[in-house]
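Student: My questions are about this predicted structure, shown below with the sequence.
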Amino acid sequence: MAEHPSIEKFRAVLAEKGGTGEIVVLPDSVHTAALAAEALGCEVGAIANSLLFNSEGSPVLILTSGAHRVDTAKVEATTGPLKRAKPDFVRHHTGQVIGGVSPIAHPAPVPTYIDPWLRKYDVVWAAAGHPAAVFSTTYDELVTMTGATEIEVE
């Protein structure tokens, strides 16, 4: 069975960036951190949610632990104004759909911030460009691949 084109693209970019993780395609969509954690047998906090926001027309990506919700008022002090991104904005800036947005493999670089809570986990899981695909990584590798800046999200 052929791999979905968005996963193929993600796989190529992961290799290009030196990512060492395993890509896992799950049988059902894992569009929430809780579903992904259940399918992978890990804590929900080890899931890195990739949340794209609209900051006055520009994308901002926040990688947050599945155990946290982003306090936009707190985060805006660093990022500038944030609005929930509409599906077409997400697709345009990431080339991916909501529920499958990965931390990498976007058409152009996206300013990225990361929740330091993810550092607690030896293995972190994040979306791999498709709602049913995830990949394993480490906090340090994720920061290296994305150029993310640490930010308290809660």
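Tutor: Yep, that arrived.
Student: Trp117 belongs to a helix, doesn't it?
Tutor: Yes. Counting by DSSP: H, G, I helix; E, B strand; the rest coil, Trp117 falls inside a helix.
Student: correct me, but it touches Val70?
Tutor: No. Distance between Trp117 and Val70: 11.8 Å, which falls outside the contact criterion (C-beta atoms under 8 Å). All C-beta spots, glycine's among them, are computed from the backbone N, C-alpha and C.
Student: Quick check: neighbours shared by the two?
Tutor: 64, 153 (C-beta atoms under 8 Å, 6 or more residues apart in numbering).
Student: what sits against Asp122?
Tutor: Taking C-beta under 8 Å, 6+ apart, one finds Thr138 in contact with Asp122.
Student: if we go to 10 Å?
Tutor: Asp122 makes contacts with 46, 136, 138-139, as judged by C-beta atoms under 10 Å, 6 or more residues apart in numbering.
Student: contacting residues around Gly129?
Tutor: 4-11, 13-14, 23, 50, 94-97, 100-106, 135.
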